[in-house]
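Trainee: Fold the stuff below for me.
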Amino acid sequence: MQSMELPLVLFTVFSQAAIGVTLMRAVRTTADGAGVVDNDARREWGLIAGFMVLGMFGSLFHLGHPLSAPTALKHLGTAWLSREVLFAGLFTGVTVLAVLAAGKAGKPVLAWLGTLLGLGVIVSAGMTYAPPALPALNNALPFTFFLTSAVILGAGFGSWFADGERAPLMARIFTTALVVGLVLNLAAPCVWLSGGTVMSMTGRAWLGSGFYWTHVLVLVACLGMVWKARTIPAWLPVLALLGELAGRAGFFADTVHMAANMGGLY
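Mentor: Here you go, the predicted model:
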């Protein structure tokens, strides 16, 4: 890719934060049975909708003609990008409906519906950013990176709305996702180094990137803080969000396209 693509960084990270918080809400409200306090439901859905609207707004700056964005739906049968746009639109609609539903939003139905649509967004995005022209990502890694980000941010920000009984659950999920994210980010570039020319170039680019090491250090810092505090401090999800933004910037800026070695030896 070799371009930071800030609009795509904002869209993918903020939308995955929204999806992750929705998933954690579905888990918590299902476990609670009767749901949560109405005020918490409105505030939590407000945060989810806010993340998604920010992401959708940011993505418009990636388009040459923002007003023509709906035309992306023309190719649902052949293009994963079109499917991503469809799922993102439907997910946004559910979040807005949940905010308006107020008390009824405390029930898990809307949360699970949003989670299913959100997973559609993540699967579609994973396929969109796994083209053959990016050998390092022409696999399941984009989906895995995106899902891990969603769970990290979902559990982190979801802890803001978890009561004392559910807070340890959010901390365990947050910790597990951080470990998975750290292992993935440390292993992937090392594996790429043993691949073909362009894949090896990607591995070296990631390992030499400030975005990459900032992301790794934030993951380590978050793990250390949760281990020390035995819970998720209220400010920690914001740090995790900044780390995911840095990591996603590197995802777009440091992944080498095959065109970079066009005419070279493989």
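Trainee: what number of residues lie near W235?
Mentor: Burial of W235, expressed as a neighbour count using other C-beta atoms under 10 Å, amounts to 9. No exception for glycine: its C-beta is placed from N, CA and C like everyone else's.
Trainee: Distance of it relative to G203?
Mentor: 33 Å (C-beta to C-beta, to the nearest Å).
Trainee: cool, and G210?
Mentor: Counting by C-beta to C-beta, the separation of G210 from G203 is 16 Å.
Trainee: In terms of neighbours, single out the busier of those two.
Mentor: Applying other C-beta under 10 Å to G210 and G203 shows that G203 carries more neighbours, namely 21 against 12.
Trainee: Distance from the chain centre to stretch 192-199, please.
Mentor: 26 Å (C-alpha atoms, centre = their mean, to the nearest Å).
Trainee: What average pLDDT does that stretch get?
Mentor: Taken as a whole, stretch 192-199 has an average pLDDT of 93.
Trainee: quick one: average pLDDT of stretch 96-112?
Mentor: Across stretch 96-112, the average pLDDT comes to 79.
Trainee: for it, how far is the first residue from the last?
Mentor: The straight-line separation of the ends of stretch 96-112 (C-alpha to C-alpha, to the nearest Å) is 15 Å.
Trainee: Could you do stretch 119-136 as well?
Mentor: Distance between the two ends of stretch 119-136: 23 Å, counting by C-alpha to C-alpha.
Trainee: same thing with stretch 121-134?
Mentor: Terminal residues of stretch 121-134 lie 20 Å apart, using C-alpha to C-alpha.
Trainee: in that stretch, what's buried?
Mentor: Using 16 or more other C-beta atoms under 10 Å as the test for burial, stretch 121-134 gives 121-130, 134.
Trainee: next SSE after the worst-scoring helix or strand of the chain on mean pLDDT?
Mentor: Across the helices and strands of the chain, mean pLDDT, DSSP states H and E gives its lowest value to helix 38-59, namely a mean of 88. For helix 38-59, the succeeding helix or strand toward the C-terminus, using DSSP states H and E, is helix 80-101.
Trainee: tell me the angle the least confident helix or strand of the chain makes with helix 80-101.
Mentor: Taking axes from the mean of the first three to the mean of the last three C-alpha atoms, to 10 degrees, helix 38-59 and helix 80-101 form an angle of 150 degrees between their directions.
Trainee: can you pull out the helices in this structure?
Mentor: When secondary structure is read from DSSP state H, the chain shows helices at 6-32, 38-59, 80-101, 108-128, 141-158, 167-192, 197-207, 210-229, 236-253.
Trainee: ok, of those helices, where does mean pLDDT dip lowest?
Mentor: Among those, helix 38-59 carries the lowest mean pLDDT, at a mean of 88.
Trainee: What is that one packed up against?
Mentor: On a contact count with 3 or more C-beta pairs under 8 Å, 6 or more residues apart in numbering; DSSP states H and E, helix 38-59 meets helix 6-32, helix 80-101.
Trainee: Which positions within stretch 46-66 qualify as buried?
Mentor: Taking 16+ other C-beta under 10 Å as the neighbour-count basis, stretch 46-66 is seen to contain the buried residues 47-49, 51-56, 58-59.
Trainee: can you redo those as TSV with distance to L76?
Mentor: TSV is the format used below for these (distance: C-beta to C-beta, whole Å):
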residue	distance to L76
L47	30
I48	25
A49	24
F51	25
M52	20
V53	23
L54	25
G55	21
M56	18
G58	23
S59	18
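Trainee: Among the buried residues of stretch 121-134, which one sits closest to R166?
Mentor: When these are compared for distance to R166, the smallest value, 23.5 Å, is given by I122; criterion: C-beta to C-beta.
Trainee: Pretty sure F146 is one of the things that closest one touches, is it not?
Mentor: Yes. With the criterion set as C-beta atoms under 8 Å, I122 and F146 qualify as a contacting pair; they are 4.9 Å apart.
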